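**Q** the sequence and its predicted three-dimensional model are supplied below.
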Amino acid sequence: FWLKGRRPPSPAGPVGMEEMSGLGPDDAPRVVRPSAPAPPDFVPRPLTPEEREAAWRAANVYNASSGHTEPLALWILGPSAVGKSTLTARLGVEFDIPLDVEGQLDAAIVDGEFMRDAHDVWQRWVKTPDWRSAYPALKSLINKEKDAMCTEAASLRKHLVIPQTLLNLEKGLTEVEELAWQGYTNHVLAVVAPLEDCQRRGRCRETATGKRYEPREFELSILAIPPMIANCNGRYQVVQALEPEGCTDHMDFRVLARGHGGACPGTEFDAEDLRAVIDAAIGRDGGAAGPSTPPAAAAAVAAA
């Protein structure tokens, strides 16, 4: 598992098959047909030591306090481009993660964005006509770097903020369990919005940053929220992201549900009720887990 004290990968280290073929779409390699030939030096590779240090610094790994006797992990769940990053700063303190002297959350932020920003190949690739190929080509390597950073931060018992679209539910459930065994309290902030809202923001972000937006992943992210909350041992809050008319740099929200996760002692968490609340917020009728529900999601919902 990713929380066994593994050190960050060597820049020359190969990507093993376990990174290339995971349990679900979040890890699975994708066949990409380039829109234009990429220059020969655009070869996917791990971060260099200098790039890794820059990424970890940007993710607050070095400055976040260590050695907490009761460390916290705040999972920020929701579809791509729903507004997770925008709302994290506003709502993170509600889950008892303190602020540092600069007014930022005192936690390591486990987000692949920092790895992409520091990666020279990524930065050059997304400025070419073939920019759409960069994200799938580097995805497995970025995920490996992100897991290594989280492993190190958890071994130092730092508070963690973990934004996740959670396309691989099995991996997410395993990570929650591993963190709980290490003494972490797992909180969940889930952010939802209708698909058309996510599509609009996702297309704008894709053009601005080069990060691929895939609307077909929306359903997997939404379905993963109730089973993740059912397996968390802390508090949860589900909010609907609301973008004010004519404003693209600010996000409002309304609270849809809050309570204690299903792994809290004495808690009666109803995953089906939460699914109905989320379905209403994103503009669709609720229903029992059916053929479109991943097996892991259906099993976790049933167990809850």
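**A** Looks like it came in fine.

**Q** from here on, contacts and neighbour counts on C-alpha atoms
**A** Will do.

**Q** name the residue closest to the centre of the protein, please.
**A** By CA atoms, centre = their mean, the chain has its centre lying nearest to Gln164, at 1.5 Å.

**Q** from Ser85, how far off is that one?
**A** Gln164 sits 10 Å away from Ser85 when distances are taken as CA to CA, to the nearest Å.

**Q** if I look at the residue nearest to the centre of the chain, how far off is Asp41?
**A** Using CA to CA, one obtains 30 Å as the distance from Gln164 to Asp41.

**Q** convert the C-alpha atoms of stretch 119-136 to CSV, please.
**A** Coordinates of the C-alpha atoms in stretch 119-136 are reproduced here as CSV (Å, rounded to 0.1, in the frame of the first residue of the first chain):
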residue,chain,number,x,y,z
HIS,A,119,7.4,19.4,-14.2
ASP,A,120,9.5,20.9,-17.0
VAL,A,121,8.2,18.4,-19.6
TRP,A,122,4.6,19.1,-18.7
GLN,A,123,5.1,22.9,-18.8
ARG,A,124,6.7,22.7,-22.3
TRP,A,125,4.3,20.1,-23.7
VAL,A,126,1.1,22.0,-22.9
LYS,A,127,2.4,25.0,-24.9
THR,A,128,2.5,22.9,-28.1
PRO,A,129,-0.3,22.1,-30.6
ASP,A,130,-0.3,18.6,-29.0
TRP,A,131,-1.1,19.9,-25.5
ARG,A,132,-4.0,17.5,-25.1
SER,A,133,-1.6,14.5,-25.0
ALA,A,134,0.3,15.8,-22.0
TYR,A,135,-2.2,15.0,-19.3
PRO,A,136,-2.8,11.3,-20.1
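
**Q** so how far is it off the chain centroid?
**A** Relative to the mean C-alpha coordinate of its chain, stretch 119-136 is positioned 21 Å out (CA atoms, centre = their mean, to the nearest Å).

**Q** name the helices or strands packed onto the longest helix that the chain contains?
**A** Looking across the chain with DSSP state H, the single longest helix is helix 134-155. Of the remaining helices and strands, those touching helix 134-155 by 3 or more CA pairs under 8 Å, 6 or more residues apart in numbering; DSSP states H and E are helix 17-20, helix 112-118, helix 120-125, strand 160-164.

**Q** go again using 10 Å as the cut-off
**A** The helices and strands touching helix 134-155, judged by 3 or more CA pairs under 10 Å, 6 or more residues apart in numbering; DSSP states H and E, are helix 17-20, helix 49-58, strand 108-109, helix 112-118, helix 120-125, strand 160-164, helix 169-181.

**Q** so what touches the shortest one?
**A** To tie it back to what came earlier, the one meant is strand 108-109. 56-66, 73-74, 146, 149-150, 153-154, 158-163 (CA atoms under 10 Å, 6 or more residues apart in numbering).
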